[in-house]
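Trainee: Got a predicted structure here, sequence first:
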Amino acid sequence: MAVDPKFEAASALHRFGFGPRAGSIAAIASDPRGALLAELERPASGRISDSDLLTSGEAARAAFDFRQVQRAARLAQRAERAMNNNAANNAAPAAGAQAPASQPPAADAGGMEARPAQGAANAGAANTAPSTAPALRNPGPGVPQQIYLEEAKVRIDAALNAEIGFVERLVWFWSNHFCVSADKGPVRALCGAYEREAIRGHVLGKFADMLTTVESHPAMLLYLDNARSIGPNSIAGVFRGKGLNENLAREILELHTLGVRTVYTQDDVTRFANVITGWTIVPPRQDPTRGGEFNFNARMHEPGPQKVINRIYPDTGFDQGCAVLADLARHPATAKHLSQKLARHFIADQPPPALVEQLVKRFRETDGNLKEMAKTLVTSPDAWSAPRSKLKRPGEWILSALRATGVTPPDIRPVMQAHNLLGEPLWRPSAPKGFSDENAAWADGLAQRLDIANQLARRVANLVDPEAAVDSALGPLASKDTRQAISRAETRPQALALLLMAPEFQRR
């Protein structure tokens, strides 16, 4: 029996993209696979060009300058409070002396709290002295948060405006695979630049290139503490006695390449950590023009050869670490680990073994070409015949809902709040393994999705016809029961909420 081309088109948009927009199903119905492949071939696909966005170095310096200004203001206010307190103490009546009868009480008669110390003064000089401390007013989010929100808006807009969103989905996948967290203070301002510089630039290139760029990026070095890792026998280690940090080395082996409990040992972790000592950043305090950028500091680098996974790597400085990463990128265990993750993300918690093997084979044949891997994914029959059982992760569902209702939010903050409520705050995973791609991690959050669906439906009900939205967002994927439930809804907001919560809409 022939497959309805619109059914395949709708499936492609939900499984490989961010769900349909108005007209999307009809636009690719003639050749859904071809549309996915064409998106991979578009020039600069996945990249974002915006001259207003800061590089990671610029963002780091801007955040550092902001923190310094805030610190100076706090110190100035602290000094002023101390000065006023000293003046008040010096002007206080001698012990046992009575205050003049006309002196006002310490608190207002109505029971109001006494004024804060910096505003209270008993002496005329202290009371009239002008304040010289910078005001610590709250004009809105600080510079790191402003940068974070600007980057978030650009990222969301790229997904909203994509015809299908396959390449954007790949960006999101690899960004989560190589995750950093904005919850670590110095990283917050760098998250967007990190994704643009380390992920988007290589999402359709070679895995080895992405790997080296990611692991040497300031955001990753700060997130996993390698910026402060010092070789015990390095010049800095001998003089300063600082310690080796194994966080980055361990996560590269366990999460980024080979997979947990595969071919490496704890000794490999330690030796690899020695290899990447000296991979650090230029301190913004020391260099206002290059602060926050990557720097290989030979004084911090552990000297000598290192043996990692049965191969000895001579001490060639920065290139020693690059050589280890190049071998890890081409290791068979890495091919299997990445193939399983990619298939699990797009297809099923337990992906078809034949599909995983196809991906492994193509990865190794092409020396880790990620575009070829993506082509293999969308041309495999197993990727299309698998049941639609995967729950969309919260971020994907939010984007699908916005696309289905035609909403382009002018303010990104409600979208970020929705991410937070649903347990997938943007660029803020709770651990280096990133957000889970298994259904069990997200099934308990469906009640919260209903809250978001109701809020969105109320806002757009006057602009969106529910039955037309069913056709554009689901088309032939919509079951008879779903269509009946929506048509029988008592109100338009209720009908739209039912669409956004329909099983067919929740799944990839």
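Mentor: That came in fine, so what should we check first?
Trainee: Which stretches in the stretch 101-250 of the chain count as helices?
Mentor: With DSSP state H, counting those that start in this stretch, the ranges of helices along the stretch 101-250 of the chain come out as 124-128, 143-161, 166-177, 191-194, 207-215, 218-223, 235-240, 247-251.
Trainee: ditto for the stretch 301-450 of the chain
Mentor: Under DSSP H, counting those that start in this stretch, the stretch 301-450 of the chain gives helices at 318-329, 332-346, 353-365, 370-379, 381-385, 394-405, 413-421, 446-460.
Trainee: Grab the nearest non-local neighbour of the residue nearest to the spatial centre of the chain.
Mentor: For the chain, Trp427 is the residue whose C-alpha lies nearest the centre (CA atoms, centre = their mean; 2.0 Å). Among residues not flanking Trp427 along the chain, Cys191 sits closest, at 4.0 Å (CB to CB, 6 or more residues apart in numbering). C-beta coordinates here come from the backbone N, C-alpha and C atoms, glycine included.
Trainee: show me the contacts for the one you found.
Mentor: 148, 151, 180, 182, 219, 427 (CB atoms under 8 Å, 6 or more residues apart in numbering).
Trainee: any idea which of the residues you listed is closest to Ser479?
Mentor: Nearest to Ser479 among the contacts of Cys191: Trp427, at 35.7 Å, using CB to CB.
Trainee: shouldn't that closest one be in contact with Phe178?
Mentor: No: the pair Trp427 / Phe178 is not scored as a contact, 11.6 Å apart, by CB atoms under 8 Å.
Trainee: domain ranges for this protein?
Mentor: 56-60+142-329, 332-385, 391-506 (automatic domain parsing).
Trainee: Glu8 is nearest to which of those domains?
Mentor: domain 332-385 (7.1 Å).
Trainee: burial measure for the closest residue to Pro20 other than its chain neighbours, as a count.
Mentor: Of all residues not flanking Pro20 in the chain, Leu13 sits nearest, at 4.6 Å (CB to CB, 6+ apart). Burial measure for Leu13: 30 neighbouring residues, criterion other CB atoms under 10 Å.
Trainee: what about Leu13, is that helix, strand or coil?
Mentor: Following DSSP: H, G, I helix; E, B strand; the rest coil, Leu13 is assigned to helix.
Trainee: Look up how far Ile486 lies from it.
Mentor: With distances taken as CB to CB, to the nearest Å, Leu13 is found 19 Å from Ile486.
Trainee: do the same with Arg507
Mentor: Counting by CB to CB, the gap from Arg507 to Ile486 is 17 Å.
Trainee: Neighbour count for those two, which is higher?
Mentor: A count of neighbours by other CB under 10 Å puts Ile486 above the other of Arg507 and Ile486, at 21 against 17.
Trainee: Mind checking what secondary structure the more buried one has?
Mentor: Secondary structure, three-state DSSP: Ile486 is helix.
Trainee: next one: Asn295
Mentor: Asn295 ends up strand, using three-state DSSP.
Trainee: With only the CA atoms kept, save stretch 439-458 in PDB.
Mentor: Extracted in PDB, the C-alpha atoms of stretch 439-458 (Å, rounded to 0.1, in the frame of the first residue of the first chain):
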ATOM      1  CA  ASN A 439      11.100   9.200  27.500                       C
ATOM      2  CA  ALA A 440      11.100   8.300  31.200                       C
ATOM      3  CA  ALA A 441      12.900  11.600  31.900                       C
ATOM      4  CA  TRP A 442      10.100  13.700  30.600                       C
ATOM      5  CA  ALA A 443       6.900  11.700  31.100                       C
ATOM      6  CA  ASP A 444       6.200  13.200  34.500                       C
ATOM      7  CA  GLY A 445       6.200  16.800  33.100                       C
ATOM      8  CA  LEU A 446       3.100  16.400  30.900                       C
ATOM      9  CA  ALA A 447       1.000  18.200  33.500                       C
ATOM     10  CA  GLN A 448       3.300  21.200  33.300                       C
ATOM     11  CA  ARG A 449       3.000  21.100  29.500                       C
ATOM     12  CA  LEU A 450      -0.800  21.400  29.900                       C
ATOM     13  CA  ASP A 451      -0.300  24.600  31.900                       C
ATOM     14  CA  ILE A 452       1.900  26.000  29.200                       C
ATOM     15  CA  ALA A 453      -0.500  24.900  26.500                       C
ATOM     16  CA  ASN A 454      -3.500  26.600  28.200                       C
ATOM     17  CA  GLN A 455      -1.500  29.900  28.600                       C
ATOM     18  CA  LEU A 456      -0.500  29.900  25.000                       C
ATOM     19  CA  ALA A 457      -3.900  29.000  23.800                       C
ATOM     20  CA  ARG A 458      -5.600  31.800  25.700                       C
END
